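In: Quick check, what structure comes out for this input:
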Amino acid sequence: MTRVRPPRALFKPRNRPVGAHRPPRGSAVIDWAAYIDGHRVCTDTVGDAVRLIRDGRLTPEGDSAGFVWVGLHEPSATELAELAEVFGLHPLAVEDAIDAHQRPKLERYDDVHFVVMKTVGYVPGEDGSEVVETGEIMMFCGPDFVVTVRHGKHGELAPVRARLERDPERLVQGPAAVLHAVTDHVVDGYVNVADAVQEDIDEVEEAVFSPERTDESRRIYRLKREVIQLKRAVGPLAGPLRNLSGRRFVPAEIREYLRDVEDHLTRVREQVESYDELLNPILQAHMTQVTVADNKDMRKISAWGAIFMVPTAIAGVYGMNFDFMPETQWRFGYPMILGVIALSCLSLYRGFRRNGWL
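Out: The predicted structure follows:
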């Protein structure tokens, strides 16, 4: 793609000292810098950083000796269009970076690689329980620049930048070093969320098989939904990450690190898939327990109903008020009927008790 010389007004100065990175209020630009020989060089504007790299010394291959890293958070179409003109970003990739809601993927437009990754966080939901929330990180990696576009509340890249700046030997590797650091950061997020989900699954499993009777069905279904959300973020990244390791712009040393990240991703993916397999039998066991408990309740209700049916039947018979009924005129008729009722109820109670119905 054709690149142009950046105008001096590209993200205008904020009347601040050089190197004091404080983006303008309302701007999507979080941070930017030029990196030369692995060391950060601060400038007043993004345009100054680009000119510093492209007007500076060159490598023996004719490439820039450093690169520019621009970080944005949910940029507008206008802000990203300015950067697209300077760095020669493809319109289709720019459109994806603005609209978000993309699947993890790796695409190449001339010498610019466009990478999309899902970020995840385990955050409190509306009902107080934790839910998996997803965001996205898009990366434009060119020969002398990296543009990261983040969507969502999590996956902040400031710690990644700070960690890289403490390791100049890694930054000398160029944009590929940033690409590895960001992918490693994203996959570490997967690991943390997967571990948190594992703890919730363990709690549910313990509650289901505890002697106490609790209703865990809603929580189990919620966990199954969160596991599906996590699978949608983790699974599709495997292909792009595998392809990254074979790209020519990635140095051999960085390829080794990318393969390590891919190994971590594989373990997380297998871990998340096992969660779904584990939740199914937990749900079945819980539903079986609910059915057994319901049957016990029905037996108790039936037993007590049978017991109370005896006095109801006897009282119903003697409540018909016929003139000629047994023992109606006998002095001990009333106590006898009460005794028969009590003896019958006691016999039924002992029988139901012996058979485990009460």
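
In: Which strand or helix spans the residue most central in space within the chain?
Out: The structure's the chain has its C-alpha centroid closest to V132; by CA atoms, centre = their mean the separation is 3.2 Å. Taking DSSP states H and E as the criterion, V132 maps to strand 130-142.

In: Same question for E107.
Out: With secondary structure defined by DSSP H and E, E107 is part of strand 105-109.

In: Helices of the protein, start to end?
Out: 46-54, 77-87, 91-99, 158-165, 168-171, 175-208, 217-234, 238-244, 252-318, 333-354 (DSSP state H).

In: As TSV, those with mean pLDDT would be great.
Out: Converted to TSV, those look like this (pLDDT from 0 to 100):
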stretch	mean pLDDT
helix 46-54	87
helix 77-87	88
helix 91-99	90
helix 158-165	92
helix 168-171	89
helix 175-208	89
helix 217-234	86
helix 238-244	87
helix 252-318	81
helix 333-354	79
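
In: most tightly surrounded among these?
Out: Each of those was assessed for mean neighbour count using mean count of other CB atoms under 10 Å. The highest is helix 46-54, with a mean of 22. Glycine gets a C-beta too; all of them are placed from N, C-alpha and C.

In: rewinding a little: what are the buried residues along the strand holding E107?
Out: Residues K105, L106, Y109 are the ones in strand 105-109 that count as buried (16 or more other CB atoms under 10 Å).

In: Who is the first one paired with across the strands?
Out: In this structure, K105 bridges to V116 when assessed by DSSP bridges.

In: One more: the last one?
Out: Taking DSSP bridges as the rule, Y109 bridges to V112.

In: Hmm, H90 and it touching each other?
Out: Yes - when contacts are counted by CB atoms under 8 Å, Y109 is listed as touching H90 (3.8 Å).

In: gap between the strand holding E107 and the chain center?
Out: Its chain's C-alpha centre lies 24 Å from the corresponding centre of strand 105-109 when counted by CA atoms, centre = their mean, to the nearest Å.

In: Kindly export it (C-alpha atoms) in CSV.
Out: Taking Å, rounded to 0.1, in the frame of the first residue of the first chain, the C-alpha atoms of strand 105-109 are listed here in CSV:
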residue,chain,number,x,y,z
LYS,A,105,-8.0,-14.0,12.0
LEU,A,106,-4.8,-13.1,10.2
GLU,A,107,-4.8,-11.3,6.9
ARG,A,108,-2.1,-9.8,4.7
TYR,A,109,-2.4,-6.7,2.6
